[in-house]
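only geometry, no sequence info:
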């Protein structure tokens, strides 16, 4: 084994599974939302489409109040990120700041659309000849169709694809290991749309120039394996493997999944493509298939609406921009005393203050929790360094030490102890007997480290600018001195010759 | 449209709390305490009660002086754990003020002067124990023989009388009721040039360690295994302590069985098993990394053996734990686990 390079090992992906450090076995609570087929809720009265749906740049609005838009029409353009589209046909009521779907509860520019009920499509431009699309053409199509990672990180799909192509990856991993409790939208998608996922996988594999596709699913997803295996049974589907991985949180995390499938670790500060791998969510693959074969932009996604606070938990195919309350109504409304409304799962999700928050590309689950689901907040106690957090940490960190360091502003130590490698999975929070909000501390610490790095960079730049200026001034001074010296010399020469001629000719002044 | 309260993740009830951890530790000590009572009479129960009362009073006093809320810290049972561990180290007939002084130094000085729960550098119970051991050597020799060997049985009332008044209930002297511990007997025996096989002829010795003591150690080990199963403690510290004691005493015993006890005698003597599972595993004053915990445990074992053989005290576990407490931060510095994605030498970040 020792002779094998990391690439060979990575090529072996999926033959055996490996383990990652830590993690938690959680009750997954997924069955409650998997009992009925996925439905499309009725058109909402209003759609609020944020122009910023991923980290990075905000899209520039292409419409203004009063404009008529068609379903799938581009309403936001972005040079460095992905486009935003109208989820249905209707009238633009306003382009204004609204509450965004974000942990911070900040506002941002949104396009507010009043649907006309006709749901009339704009003209779509599918790509033909799936077998011959160049990576650049595919990337343009994906960017135009607004494709971003649907696993939650919403990284622009075209950028990842181009990067993977340039770095000659050999394996595409499709992540169907939905490890957060309650969430079942990827499972339902894999059950209901396996063909689209396989088609998307083939398109992405071709664009990446990869040889193999490994689709990772959890061992508790009963029907999914068969559905995918059946869909992958075609002439063009060679080298597509479906692998069951043991259900343990957070193995759906990209780095943990790579460790499980290949036994390799993505280098600190590196990317999966360093190992010849690209990871995409299964839902992203399905959206790629739609974007290419139908030209359909990303305007809807599977969303789990679940929790004990929902009458009929289920998965919905929801339009981007739909307010949460509309989806909750489509599931029979709230039951009982809903104490918290969470976007995402109970481990990494964030609570929202209002159910008027709109669906964005990153939303995979709306979780309504009752008083019983969330125990009364317990008082925070001092850390007793029991080490449960480091046992649970999938990044093999020592959260108890990091907490101390962040708390005391020991930034160098925190960096040395790997604060930036924290994936914010929340395992340490969950097992902490002192109920310390560790991940919140770590987010703060990571912000501080980044800020510090930015400042350090700014200082370096300022120093370089200063030094360059000094050099420039010195050069100018030297040049001037040289020039002066030259002129002086010339003048001296001139006077010398003048004197000589004067002596010989006896100038009039001397006389 | 509805609005909701927001709060930090995780949005699931957490199962564990500091109080639960401490209660599990106390529960795990019960079999050992019962065995202790069985072999040495009810004096130990009085000591536990005394120490607990003083511990809670001093905890409350210092919390008040520090301006901290009483309830969450009194409710967390950490002071009770300290008290019980301290009481298990002192002689069953030690006078009542031994507990008071011990708890004052354990809870007041070692814990609260360093910043309270979670902040102490040294194991509080061991600080309290070492203070009384060094300051009051006479009072700390009031050990009893096992009930089966005792000429006079010391019941609960007798124990109370001795502990609170210092009056020996039976006509006679201290010497009539107290007895040197097996480790003490061993040390004085070796120092006076007798062979271990001779010394072990004394009825104080059992199969491995002292009569009675070895069975108490077994019950403590059982409690320790319960804590391991409950994941309250990690396996590294007990494994390193017991493993190192056996490994290090084996060559000494093989070389000179007349003056070196055999490995299992070391393990089952004194407070070693109690320390391995309950004292050196104190997370606050110990190491945090798994490898660090191995080093910590091995260090405790080495120092204990050195003191037992060459030191002035028959047992050295308390000193060993305190000395290793001092070394813990340094050990942690050099035993940080490899972070996911970090190269084995841990230098990749510096090169960037």
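Yep, that arrived. Quantities reported herein were computed from a predicted structural model and do not represent experimental measurements. Numbering: from 1, shown residues only, chains lettered A, B, ... in the order given.

CA atoms for contacts and neighbours, from now on please.
Noted.

got the residues of the stretch 201-350 of chain A near chain B?
Contact residues, the stretch 201-350 of chain A versus chain B (Cα under 8 Å from any Cα of the partner chain): A:265-268, A:325, A:339-341, A:346-350.

All the helices of the stretch 251-352 of chain B, residue numbers only.
B:263-267, B:272-274, B:290-310, B:317-334, B:348-351 (DSSP state H, counting those that start in this stretch).

Give me the mean pLDDT for stretch A:202-209.
In this model, stretch A:202-209 has a mean pLDDT of 89.

End to end on stretch A:147-163, go ahead and measure it.
15 Å (Cα to Cα, to the nearest Å).

Name the residues of that stretch that come out as buried.
Buried residues in stretch A:147-163, counted by 16 or more other Cα atoms under 10 Å in any protein chain shown: A:147-151, A:154-162.

cool, and stretch B:148-167?
For stretch B:148-167, the neighbour count (16+ other Cα under 10 Å) marks B:153, B:154, B:158, B:159, B:160, B:161, B:162, B:163, B:166 as buried.

Tell me the one of those residues nearest chain A?
Distance to chain A, by Cα to the nearest Cα, is smallest for residue B:163 among these, at 34.0 Å.

Could you export the buried residues of stretch B:148-167 to JSON lines, including columns for secondary structure and distance to chain A?
Below are the buried residues of stretch B:148-167 laid out as JSON lines (DSSP: H, G, I helix; E, B strand; the rest coil; distance: Cα to the nearest Cα, whole Å):
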{"residue": "B:153", "secondary structure": "coil", "distance to chain A": "42"}
{"residue": "B:154", "secondary structure": "coil", "distance to chain A": "39"}
{"residue": "B:158", "secondary structure": "helix", "distance to chain A": "40"}
{"residue": "B:159", "secondary structure": "helix", "distance to chain A": "36"}
{"residue": "B:160", "secondary structure": "helix", "distance to chain A": "36"}
{"residue": "B:161", "secondary structure": "helix", "distance to chain A": "39"}
{"residue": "B:162", "secondary structure": "helix", "distance to chain A": "37"}
{"residue": "B:163", "secondary structure": "helix", "distance to chain A": "34"}
{"residue": "B:166", "secondary structure": "coil", "distance to chain A": "39"}
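
In the stretch 101-250 of chain A, mark out all the helices, start to finish.
Assigned by DSSP H, counting those that start in this stretch, the helices in the stretch 101-250 of chain A fall at A:135-144, A:157-166, A:185-192, A:194-208, A:224-231.

my bad, should have said chain A
Ranges of helices in chain A, per DSSP state H, are A:6-11, A:135-144, A:157-166, A:185-192, A:194-208, A:224-231, A:254-262, A:282-293, A:324-330, A:388-392, A:399-407, A:411-416, A:427-431, A:438-505.

quick one: residue A:23 from residue A:389, how far?
The spacing between residue A:23 and residue A:389, counted by Cα to Cα, is 10 Å.

do residue A:125 as well
In terms of Cα to Cα, residue A:125 sits 51 Å off from residue A:389.

One more: residue B:119?
Plainly put, residue B:119 is 18 Å away from residue A:389 if you go by Cα to Cα.

Between those two, tell me which one has more neighbours.
Between residue B:119 and residue A:389, counting by other Cα atoms under 10 Å in any protein chain shown, residue A:389 is the more crowded of the two (25 against 18).

which one is the more buried one nearest to, not counting chain neighbours?
Distances taken as Cα to Cα, 6 or more residues apart in numbering or on different chains put residue A:428 closest to residue A:389, at 4.3 Å, once the chain neighbours are dropped.

Now for the one you found, how many residues are close by?
For residue A:428, using other Cα under 10 Å, the count is 29.

List the contacts of it.
With contact taken as Cα atoms under 8 Å, 6 or more residues apart in numbering or on different chains, residue A:428 is in contact with A:388, A:389, A:390, A:392, A:393, A:399, A:438, A:439.

Residue A:307 now?
A:182, A:313, A:367, A:368, A:369.

and if we set it to 6 Å?
Counting by Cα atoms under 6 Å, 6 or more residues apart in numbering or on different chains, residue A:307 makes contact with A:367, A:368, A:369.

on that earlier part again, ranking by neighbours, what's the top pick from the residues of the stretch 201-350 of chain A next to chain B?
residue A:341 (27 neighbours).

okay, and for the stretch 151-300 of chain B, where does confidence drop off?
B:151, B:169-176 (pLDDT under 70).

now do chain A
For chain A, the stretches with pLDDT under 70 are A:1-15, A:55, A:502-511.

tell me which parts of it are close to chain B?
A:265-268, A:340, A:346-347, A:351, A:353-355, A:374-375, A:382-386, A:395-397, A:430, A:433-434 (Cα under 6 Å from any Cα of the partner chain).

let's see it at 7 Å
Selection of chain A residues close to chain B by Cα under 7 Å from any Cα of the partner chain yields A:265-268, A:325, A:339-341, A:346-356, A:373-375, A:382-387, A:395-397, A:418, A:426, A:429-431, A:433-434.

so what's residue 283 up against?
I went with chain A, as the question did not name one. Residues near residue A:283 by Cα atoms under 7 Å, 6 or more residues apart in numbering or on different chains: A:150, A:186.

That was the other one, I meant chain B.
Residues in contact with residue B:283 (Cα under 7 Å, 6+ apart) are A:384, A:385, A:386.

Quick check: residues of the stretch 251-352 of chain B near chain A?
B:283, B:284, B:288, B:337, B:338, B:339, B:340, B:341, B:342.

Surely the second one is in contact with residue A:382?
No - in this structure residue B:284 lies outside contact range of residue A:382 using Cα atoms under 7 Å: 10.5 Å.

what residues are shared contacts of the two?
By Cα under 7 Å, 6+ apart, residue B:284 and residue A:382 have these common neighbours: residue B:118.

The two: who's more crowded?
residue B:284 (20 against 16).

OK, contacts around the more buried one?
Contacts for residue B:284 (Cα under 7 Å, 6+ apart) come out as A:384, A:385, B:118, B:120.

which non-adjacent residue is nearest the third one?
Going back to what we said before, that points to residue B:118. Nearest residue to residue B:118, sequence neighbours excluded (Cα to Cα, 6+ apart): residue A:384, at 4.4 Å.

Any figure for the gap between the residue in the stretch 251-352 of chain B that chain A sits nearest to and residue A:383?
Nearest residue of the stretch 251-352 of chain B to chain A, counting by Cα to the nearest Cα: residue B:341, 4.1 Å away. Distance of residue B:341 to residue A:383, computed by Cα to Cα: 27 Å.

I'd say residue A:124 and residue A:295 touch.
Yes - here residue A:124 reaches residue A:295: they are 5.2 Å apart, a contact under Cα under 7 Å.

out of these two, which sits in the busier spot?
Shown here are residue A:124 and residue A:295; by other Cα under 10 Å, residue A:295 has more neighbours (21 against 15).

Not counting residues beside it along the chain, what's closest to that one?
With Cα to Cα, 6+ apart, the residue lying closest to residue A:295 is residue A:126, at 3.8 Å.

which stretches of the stretch 1-150 of chain B aren't confidently modelled?
If you take pLDDT under 70 as the line, the stretch 1-150 of chain B has no such spans.

Try it again at 80.
B:1, B:5-9, B:14-15, B:141-142, B:144-150 (pLDDT under 80).

interface residues of it facing chain A?
So the stretch 1-150 of chain B meets chain A at B:1-7, B:9-14, B:16-18, B:117-118 (Cα under 7 Å from any Cα).

Please list only the buried members of those.
Judged by 16+ other Cα under 10 Å, buried ones among these: B:6, B:9, B:10, B:11, B:12, B:14, B:17, B:18, B:117, B:118.

Surely the second one touches residue A:345?
No - here residue B:9 lies out of contact with residue A:345, judged by Cα under 7 Å, at a distance of 9.4 Å.
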